[in-house]
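Chemist: Here you go, sequence then predicted model.
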Number of protein chains: 2
Amino acid sequence: MNDTLKETLDAVFYPKNIAVVGASANPSKLGHLTLLGVKSMELKGNIFAVNPSLGGQDIMDIPCYASIDELPEDIQLFIFAIPHDKIEDALIAAAGKGARGCVIFAGGFKESGKEGRELQQRIKTIADAGGIKIIGPNCIGTINPHHGLNASFAFPVFRVRTGGVSVVSQSGGTGSTIINIMQDYNVGLAKFVSIGNRVNLDFAELVTYLSDDPDTRVICLFIEGIDDARTFFKAAKKVTSKKPILVYQAGFTEVSRKMALSHTGSMGSSKEIYKAAFHQAGILFVNDIEEMVCTAKAISSQPLVKGPGVSLFTHTAGPSLIATEIVEQGGGKVPEYTPENKKRLREFIPRFCNAGNPLDMFAHAWTDASLFLKGVDIALSQTDIHMACVFFSSGLDTGVAFPAKALADIGKKHGKPVILALLSPYTSGMEELVDADAAGTPTFNTPHKAGIVMLNLIRLWKMKKLHT
Amino acid sequence: MNDTLKETLDAVFYPKNIAVVGASANPSKLGHLTLLGVKSMELKGNIFAVNPSLGGQDIMDIPCYASIDELPEDIQLFIFAIPHDKIEDALIAAAGKGARGCVIFAGGFKESGKEGRELQQRIKTIADAGGIKIIGPNCIGTINPHHGLNASFAFPVFRVRTGGVSVVSQSGGTGSTIINIMQDYNVGLAKFVSIGNRVNLDFAELVTYLSDDPDTRVICLFIEGIDDARTFFKAAKKVTSKKPILVYQAGFTEVSRKMALSHTGSMGSSKEIYKAAFHQAGILFVNDIEEMVCTAKAISSQPLVKGPGVSLFTHTAGPSLIATEIVEQGGGKVPEYTPENKKRLREFIPRFCNAGNPLDMFAHAWTDASLFLKGVDIALSQTDIHMACVFFSSGLDTGVAFPAKALADIGKKHGKPVILALLSPYTSGMEELVDADAAGTPTFNTPHKAGIVMLNLIRLWKMKKLHT
């Protein structure tokens, strides 16, 4: 990455001063939701507001100025909560205040006909001349919880944990849905960028920047169409040698392709061509944004998997059978235990149990979960087993709880990932799921999710092997 | 269905008297969890307990007898929370008390070698001679919330709504996970049966019985392997002409097949052969139990779809694009509006909007959701549009809420299904999701789920068309 880009994007994501242009105290206004968002975190910097009719007053305890020109100097990030026909002048004024980045929420640019395309081109010229990176237009903004920055109108209350998963989404609606799902799965966010129409900031620059971001462990992309595919894939290939990229792309069918074009001005292409190109670049293609979040959850808390071998432990066969099938169908392995390890397992597993993989220890292991821990420790000592998954029905109202911290410790000891399928309803078992996550074991509430996450970890390993 | 089977299963699912054999007040015992389960609902009948050392006392306010022989007469349903080696004698005694059904939780039968197989055969002989249907062994029991019957140890507290979805699962663990997911999705249960080793009660009898059950609108199956495929498919084909059956089957890969065999003694087969047979019988094959629950949710509250045409309305394009792609990829249609309907739409949609399908009305429709209602009403009046889906970002903390009741009413007026993709985290938006469901609009929190549900409704219509 060139130093200028890094320096510019550092200023955008870690601004010392920000200004909300179009700030409003009127609850029905975009500028109000934006202020709520900004105030929902503790920005490591100063916040200013701009509103022509409220100069010299405070809005929600934030000092307000009548125009951008009246603002103090040295404001790195501007958030424009104003209509598209006011952006051009505002951008020129912001450049005069030292802006390095501008978030533009408004639509009415490239996606909406000739006039919009021309306006977007003029915006680009101004921004490029001023060394300003544009987030948007036609977007919901950006978030960097590590700096207390919520520059989005879509999250007036922000409930997502701070963590290691970065998200770049072409669609604001899909981006906010990904953030919602991260909240449900208790997954921590590193950085979020809704890139919208991509005036002069596209996937290529962002994945490159995030590859050097110490807070980011894995990058998730939602793509509707890539304008400069060659640049993107070249950049992405460099990134995936350092950290994983997951992608979900839509817009491949007749109507959806037309829609992508009118939405963010993107032209889709054949799904098979894209999938091949993603694979070539070491990018993991997933089939659902929920699958993307679940996979990122495991990656962000566990070491990368170093082979295809999975071991499964359960007290109830059916769910582990579902996950086994998913892993096998996708090319993962479920190796037998060595004679030596079978002997070690037989020392403590219940009499009726078969020392196989998956290993079903019936209700014995539900009432004494230490059997799981002993089993996983033996399994992970075997060279052709690269990860372990335990299936456990939540005790819910019975007081029985799974020792997630001890399982995480065994994983760490062996340097191999462990995951927990804690079969439990979200709606009443959430606390237990959150506790298990916090203990360092990524936890999923259905066998399908556990299976698909393990398979995706294996697919990532296979791609990495292909490229090294 | 023959009258004897119906009469027997009515006695099992609607018993006047039930007995819990092995009842216990010791919280670590299976017989205690079972009693908690039984007491978690209000049985429309009487409950008796059996425990050799507590005869004449009460356990948790339930009168206890020292043996089955001492129980009063005319007990239709026995729940055996006792080890496998005590089942044979207990079953003989239960037959003497007029038992019509017995739930057997214990493992140690067909799934565990020669001795177990012989024991299961003896159990079958006794049960058949006594006109008793066995649920299990090696199962978690049965639930009929419409009668207040919870004959399972796996749900000591039962939180699922009463409703129209029946579930028959070969695996107890998978069955309980399905029930958990139903809780999360606010889906009402008609009947649940964990059939385990299937002594003399199999999928074929149960789907036949449920096809005549007025409480059941849709039947969900989890299958690991079918013993008598011919009987099952013949029975299922009759049922699907009356009501939908959804199935998820696992056990097709190398290790998972071996596992299914040792789990419930089932021999799987080729996935392609099964899928073809399911299709032939009008059964909808799904790829995940969560997908099954979501699809059943829509079926249980909406009319069946009568064609492939979908209309989508949104204020944020990306999510609707994802759903559009899923529908198109699976063979559904996203028809253009007629010139006449385009004209009607243009009377109220915002100036920038294209009167296309999907119809994106930007933030205008978020602040004025009546635009959605007008749009759906016009769309559903078009003959080649058979269902509508609205995408709406939850207002969460802004006070904005979607008018789900009004949407349900428009669907009813046209006799066509409507669904809502309410993009919201479960963990903080649950109340809004539950309210929308209660208003009669089945609601899903991700675009993928909305898309796959619509596609599955279309696949069901296509199969039905094939068979009529």
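Modeler: Yep, it's here. On a predicted model such as this, the values are computed, not experimentally measured, just so you know.
Chemist: from here on, contacts and neighbour counts on C-alpha atoms
Modeler: Fine.
Chemist: Where do the strands of the stretch 151-300 of chain A begin and end?
Modeler: Using DSSP state E, counting those that start in this stretch, the strands of the stretch 151-300 of chain A run over A:162-169, A:189-194, A:218-223, A:245-249, A:284-285.
Chemist: who's in contact with residue A:21?
Modeler: Shown in contact with residue A:21 (C-alpha atoms under 8 Å, 6 or more residues apart in numbering or on different chains): A:31, A:49-51, A:68, A:78-82.
Chemist: Would you mind putting these into JSON lines with pLDDT alongside?
Modeler: Below are the contacts of residue A:21 laid out as JSON lines (pLDDT from 0 to 100):
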{"residue": "A:31", "pLDDT": "96"}
{"residue": "A:49", "pLDDT": "98"}
{"residue": "A:50", "pLDDT": "98"}
{"residue": "A:51", "pLDDT": "97"}
{"residue": "A:68", "pLDDT": "98"}
{"residue": "A:78", "pLDDT": "98"}
{"residue": "A:79", "pLDDT": "98"}
{"residue": "A:80", "pLDDT": "98"}
{"residue": "A:81", "pLDDT": "98"}
{"residue": "A:82", "pLDDT": "97"}
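Chemist: Take the residues you listed and keep only those in helices.
Modeler: The members of these that map onto helices under DSSP state H are residue A:31.
Chemist: biggest separation within the contacts of residue A:21, which pair?
Modeler: Greatest spatial distance among the contacts of residue A:21 (C-alpha to C-alpha): A:31 and A:68, at 15.1 Å.
Chemist: so how far is the lowest-mean-pLDDT helix or strand in chain A from its chain's centroid?
Modeler: Least confident helix or strand, chain A: helix A:254-264 with a mean of 79, by mean pLDDT, DSSP states H and E. The chain centroid and the centroid of helix A:254-264 are separated by 24 Å, computed with C-alpha atoms, centre = their mean, to the nearest Å.
Chemist: can you check stretch A:213-222 too?
Modeler: How far stretch A:213-222 lies from its chain's middle: 7 Å, per C-alpha atoms, centre = their mean.
Chemist: Equivalent analysis for stretch A:373-393, please.
Modeler: 27 Å.
Chemist: Not counting its own residues, what contacts that stretch?
Modeler: A:305-316, A:319-320, A:335, A:337-338, A:341, A:344-345, A:366, A:372, A:402, A:406-407, A:410-411, A:414, A:416-424, A:447, A:450, B:173.
Chemist: let's go with 7 Å and repeat that
Modeler: Residues from elsewhere that reach stretch A:373-393, judged by C-alpha atoms under 7 Å, 6 or more residues apart in numbering or on different chains: A:305-315, A:320, A:335, A:341, A:345, A:407, A:410, A:414, A:416-424.
Chemist: Helices - which of these land there?
Modeler: A:320, A:341, A:345, A:407, A:410, A:414.
Chemist: Select only the buried ones of those residues in PyMOL?
Modeler: Buried residues within these, by 16 or more other C-alpha atoms under 10 Å in any protein chain shown, are selected in PyMOL with:
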select buried, chain A and resi 320+341+345+407+410
